[in-house]
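A.B. asks: model this:
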Amino acid sequence: MKYILLMVFVVLAGACQGERFEPFSLVNKVRILAVKSSSPELLPNKETELSALVYIPEGVNATYKWEWCPFRTNAVDEFKCPLTKEELLDLIAKNAPDDGPMFNIPLEDFDLGTGEKATLKYPAPQIFLLAICQGIQNAAKDAGEDLAINIPTIDCKDGYEISIRLTIEEKGKKHIASKRVNLWLGSQQTQDLNPKVREIRIRPKRRNKQMLLDAGHDWVAEIEDFEKDWYVLPEDEPTPIFLGVSYELDSFIDEESIQVYARRAPEGSDLEFLEAQRENMEFLWLSTFGSLDPDRELYFNTSTDLEERRVTKLFFPVKDLSQSAEVSNGERFIDNCPEVKNADPNDGCEIELWSVVRDDRLGVDWKRRTLFATGVAP
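C.D. replies: Numbers count the residues shown, from 1 in each chain. Purely as a prediction, here's the structure:
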């Protein structure tokens, strides 16, 4: 068994060996923005729902395919599992000792279906998963220094991480993303849960309030102080905005969903765990148009302010600057949306906006909202 696991890691380790690009935050084609497990740490005899935050432009037909793998996978190999379920069970059976007991492992199928969501069950008896985990540790110890550096270190006391693979295909092109889920093996740590993004809030940044109201942006009336107050973006209808105006956005997270846990002490420490602290968080912003500054922020409990890290500035340029080293003469957005040149506030174009939040374990959450560009600010 240990030999088989070592061979698997040899394959995995081998796989790990002047043009301007569009901003990471700009979403203008089929893209997987995030993948979430409703239970990032899965308990025995339980199941978790897998879902994805995906952007698919109107009129594009796309298909989904979900799979899981009992090993860590990597992007270089498109997150492919090194073994099929049948190959893994066959190798285990062939390498079982002749005088050992005969047994049948009820391992869940690797194929999780083709729906927009999928369900993953705790895939095998806990005692079998623990044996696999311990086998990986032993294989890493025997692998030698050159190979061991490419093998993920796994402490079985903390659980066993498996890989989820999502493939979205459109027009023959595949878009692939991966997500890890931790299988509980008896840890006494606080169970890992997803953070909770309650809402996305917005406010104009130092702009004439009456001008916005006169333009039909009635939501601005709910903001008493532009420096302190916010407007909560509704889920079911777009919020009107102007091009040429700067706005601030707040990913308002439920602070109680930021968990406190004890991180494992680094190798060589006299301690098993460090002092318990809040999770670190990553705030990521994306949109179909506009400049987000910053589009990514990190919150560290001991050194940064959470409220500051939640906030970003959103600006909608009148001209497209995404591919230019200097000011562009093109007006791609306006050309694609001539309605914003009209004076009628009922005309305009929709802009999709997303806030994605990740903790420093396996938790993820997001919110999606819609804005409506009604024209260029006077």
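A.B. asks: please count neighbours and contacts with C-alpha atoms only from this point.
C.D. replies: OK.
A.B. asks: hey, what's the closest residue to residue 61 other than its chain neighbours bridged with?
C.D. replies: Among residues not flanking residue 61 along the chain, residue 170 sits closest, at 6.1 Å (CA to CA, 6 or more residues apart in numbering). Counting by DSSP bridges, residue 170 is bridged to residue 173.
A.B. asks: my read: residue 170 touches residue 57, true?
C.D. replies: No: between residue 170 and residue 57 there is no contact, the gap being 10.8 Å when judged by CA atoms under 8 Å.
A.B. asks: pull the contacting residues for the residue nearest to residue 284 when sequence neighbours are not counted.
C.D. replies: Leaving out its chain neighbours, the residue that sits closest to residue 284 by CA to CA, 6+ apart is residue 296, at 4.6 Å. By CA atoms under 8 Å, 6 or more residues apart in numbering, the contact set of residue 296 is 282-285.
A.B. asks: show the pLDDT at residue 296.
C.D. replies: We have a pLDDT of 96 for residue 296.
A.B. asks: gap between the closest residue to residue 217 other than its chain neighbours and residue 40?
C.D. replies: In space, and not counting its chain neighbours, residue 217 is closest to residue 240: 5.9 Å by CA to CA, 6+ apart. According to CA to CA, to the nearest Å, residue 240 and residue 40 sit 36 Å apart.
A.B. asks: run through this structure and note the low-pLDDT ranges.
C.D. replies: Counting by pLDDT under 70, the ranges of the chain that qualify are 1-22, 95-105, 139-154, 318-347.
A.B. asks: may I ask you to name the longest strand in it?
C.D. replies: Scanning the chain for the longest strand, with DSSP state E as the assignment, gives strand 364-376.
A.B. asks: helices or strands up against that strand?
C.D. replies: Packing partners of strand 364-376 (3 or more CA pairs under 8 Å, 6 or more residues apart in numbering; DSSP states H and E): strand 31-37, strand 197-204, strand 239-243, strand 349-359.
A.B. asks: CA atoms only: put the second one into PDB for me.
C.D. replies: As requested, C-alpha coordinates have been extracted for strand 197-204 and formatted as PDB (Å, rounded to 0.1, in the frame of the first residue of the first chain):
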ATOM      1  CA  VAL A 197     -21.100  37.500   3.600                       C
ATOM      2  CA  ARG A 198     -24.300  39.200   4.800                       C
ATOM      3  CA  GLU A 199     -24.600  41.900   2.100                       C
ATOM      4  CA  ILE A 200     -22.800  44.200  -0.300                       C
ATOM      5  CA  ARG A 201     -23.100  47.900   0.500                       C
ATOM      6  CA  ILE A 202     -22.400  51.000  -1.600                       C
ATOM      7  CA  ARG A 203     -22.000  54.700  -1.400                       C
ATOM      8  CA  PRO A 204     -20.800  57.500  -3.700                       C
END
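A.B. asks: show me what secondary structure element comes after it.
C.D. replies: helix 209-214 (DSSP states H and E).
A.B. asks: how about the third one?
C.D. replies: Once the chain leaves strand 239-243, the next helix or strand it forms, by DSSP H and E, is strand 246-253.
A.B. asks: please name every helix or strand in contact with that next one.
C.D. replies: strand 197-204, helix 306-310, strand 311-315.
A.B. asks: what is the helix or strand that that strand is followed by packed up against?
C.D. replies: The helix or strand immediately downstream of strand 246-253 is strand 260-261, counting by DSSP H and E. Strand 260-261 is packed against strand 277-278, with contacts defined by 3+ CA pairs under 8 Å, 6+ apart.
A.B. asks: direction included, what does the strand it packs on pair against?
C.D. replies: strand 260-261 (antiparallel).
A.B. asks: which residues are in contact with the strand it pairs with?
C.D. replies: 189-190, 276-279.
A.B. asks: which of these count as buried?
C.D. replies: 278-279 (16 or more other CA atoms under 10 Å).
A.B. asks: any chance of the contacts of strand 260-261 in a markdown table, with distance to residue 206 too?
C.D. replies: Shown next, in a markdown table, are the contacts of strand 260-261 (distance: CA to CA, whole Å):
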| residue | distance to residue 206 |
| --- | --- |
| 189 | 46 |
| 190 | 43 |
| 276 | 41 |
| 277 | 37 |
| 278 | 34 |
| 279 | 33 |
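A.B. asks: now for the nearest residue to residue 352 once chain neighbours are set aside, how many residues are close by?
C.D. replies: Among residues not flanking residue 352 along the chain, residue 370 sits closest, at 4.7 Å (CA to CA, 6+ apart). Residues lying near residue 370 (other CA atoms under 10 Å) number 19.
A.B. asks: measure residue 370 to residue 248 for me?
C.D. replies: In terms of CA to CA, residue 370 sits 15 Å off from residue 248.
A.B. asks: likewise residue 107?
C.D. replies: Taking CA to CA, one finds residue 107 at 49 Å from residue 248.
A.B. asks: what do you get for residue 349?
C.D. replies: 20 Å.
A.B. asks: just say helix, strand or coil for residue 130.
C.D. replies: helix (DSSP: H, G, I helix; E, B strand; the rest coil).
A.B. asks: who touches it in this structure?
C.D. replies: Taking CA under 8 Å, 6+ apart, one finds 156, 160, 185 in contact with residue 130.
A.B. asks: chain neighbours aside, what residue packs nearest to the first one?
C.D. replies: What that stands for is residue 156. In space, residue 156 is closest to residue 133, 6.0 Å off (CA to CA, 6+ apart).
A.B. asks: dihedrals phi and psi, that neighbour?
C.D. replies: Main-chain dihedrals, residue 133, degrees, to the nearest 10: phi -60, psi -50.
A.B. asks: for burial, what's the neighbour tally of it?
C.D. replies: 23.
A.B. asks: ok, it touching residue 162?
C.D. replies: No: taking CA under 8 Å as the definition, residue 133 is not a contact partner of residue 162, at 10.6 Å.
A.B. asks: correct me, but residue 196 touches residue 365?
C.D. replies: Yes: shown here, residue 196 and residue 365 form a contact pair, counting by CA under 8 Å, at 6.0 Å.
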